[in-house]
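> 3D, please:
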Amino acid sequence: MNNRMLTIRVGLFFLLGLALLWVTYESLNGGRVFRPKGYTLIASFANLKGLHDGDDILMAGVRIGSVSKTRLAAGRAEAVLAIDPDVQIANDAVATVAQSSLLGTNHLEITVGTPSAPRLAAGADIKTRDTVDMNEVIAKLGSLGDRLEQVATEIGRSLGGGPNGSLFTRLDKLVTDNGPKLTETIDNLQAITARVREGDGTLGRLVNDPKLHDELLASIGEIKGAATDARTFIANAQSLVDQVKSGNGALGALVYDEQAGANIRAAMKNLREVSDKLNSGQGTLGRLISDDSLFREAQGTMSKVNRALDSLSDQGPITAVGVAANSLF
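Model (predicted):
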């Protein structure tokens, strides 16, 4: 009886141990012992940054698989991803190595991608993006600390001393050497401000005399008006020049119209010919200007007319006509 009970107890403990082993194995493998296998994807990185076999693959915080294997291929690190069969990944999804905790554990993070995009087939390469390594960040921070230390050392040297003394020593020497000049400059500035405050000089009157201020504003207004008139005059002159250039108006036609120029040249030629004829005594007007005898004949005729008119006053009409005829002919 005792042997039978002992055997039963040993069998129960054995079965309990097997159950504990199975529960432990299921826990370590995510409860996927009896699940159907999914499909694999390949993620290529320059550096896996401590990603190991069995690390989780997350999408939007949900576990969708695990890293099946890590390897080197063509100078790059590759992670073989085991994706659950019920999860479909868009072809524009991006995989990155993310840090899970401050202890240095990592996992693979995959973006959701576009819902309407085609899905990745088994064995396809998924897009990846390298992230900043904390070791590199720490190294850069250390380098930055060294540079800051160098800068602090240089500042300390500048402030603390050197061949020409510290910065404060040089400033003190500069102020000491130029003390009288600085004092004189300050006194001059005080005198100038006092005169301005009392209304002396042009600037003082301008600051303290409202009338002068108003006159200055009026003068500025007149200057602006003159400038406006000048701009108007220049605009009108430009408009006139544009009209002349375009051949409009009498001046434009005179400058750019060849026919008008030819007419003016012909008129000048005619005037020159008339002037030449007058100078040479040709024609009635030329002879009248150049021939003195014609002038004397005309003068004699006028004298006869005057005598005939004088004699008409003393005789009758018929006799007057005869006398005038005899006088003229």
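> beta partners for Leu81?
Beta-bridge partners recorded for Leu81 (DSSP bridges): Leu41, Val67.
> pretty sure it contacts Phe45?
No - in this structure Leu81 lies outside contact range of Phe45 using CB atoms under 8 Å: 11.8 Å. To be clear about C-beta, it is placed using only N, CA and C from the backbone, and glycine gets the same treatment.
> all strands for the stretch 51-200 of the chain, in order.
Assigned by DSSP state E, counting those that start in this stretch, the strands in the stretch 51-200 of the chain fall at 56-59, 62-73, 76-83, 94-99, 106-110, 125-128.
> So which of those strands is nearest Asp229?
Among the strands of the stretch 51-200 of the chain, the nearest to Asp229 by CB to CB is strand 94-99 (71.2 Å).
> Buried residues, the closest one. List them.
Judged by neighbour count using 16 or more other CB atoms under 10 Å, the buried positions of strand 94-99 are 95-97, 99.
> Could you export those residues as TSV, including distance to Thr7 and pLDDT?
TSV is the format used below for the buried residues of strand 94-99 (distance: CB to CB, whole Å; pLDDT from 0 to 100):
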residue	distance to Thr7	pLDDT
Ala95	55	94
Thr96	57	93
Val97	54	91
Gln99	53	82
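> would a markdown table of the residues you listed with distance to Lys49 be doable?
Below are the buried residues of strand 94-99 laid out as a markdown table (distance: CB to CB, whole Å):
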| residue | distance to Lys49 |
| --- | --- |
| Ala95 | 13 |
| Thr96 | 10 |
| Val97 | 5 |
| Gln99 | 8 |
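> tell me which of these is nearest to Gly17?
For these, the nearest to Gly17 is Gln99 (37.7 Å; CB to CB).
> Grab the nearest non-local neighbour of the closest one.
Sequence neighbours aside, Asn106 is the residue nearest to Gln99 in space, at 5.6 Å (criterion: CB to CB, 6 or more residues apart in numbering).
> distance between stretch 171-189 and the chain's centre?
Taking CA atoms, centre = their mean, to the nearest Å, one finds the center of stretch 171-189 at 45 Å from the center of the full chain.
> cool, and stretch 69-84?
50 Å.
> Please put the alpha-carbon coordinates of that stretch into CSV.
Provided in CSV are the C-alpha atoms of stretch 69-84 (Å, rounded to 0.1, in the frame of the first residue of the first chain):
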residue,chain,number,x,y,z
LYS,A,69,18.3,35.8,-36.9
THR,A,70,21.0,38.5,-37.2
ARG,A,71,23.8,38.2,-39.8
LEU,A,72,26.3,40.1,-41.9
ALA,A,73,25.7,40.3,-45.7
ALA,A,74,27.5,42.4,-48.3
GLY,A,75,29.2,44.6,-45.6
ARG,A,76,25.9,45.4,-43.9
ALA,A,77,24.1,43.9,-40.9
GLU,A,78,20.8,42.1,-41.7
ALA,A,79,18.0,41.0,-39.3
VAL,A,80,15.7,38.2,-40.4
LEU,A,81,12.3,39.1,-39.1
ALA,A,82,9.7,36.5,-38.3
ILE,A,83,6.3,38.2,-38.7
ASP,A,84,3.0,36.8,-37.4
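> got a list of contacts for that stretch?
Residues from elsewhere that reach stretch 69-84, judged by CB atoms under 8 Å, 6 or more residues apart in numbering: 37-48, 51-53, 57, 64-68, 89, 95, 108, 126.
> How many neighbouring residues does Ser68 have?
By the criterion of other CB atoms under 10 Å, Ser68 has 16 neighbours.
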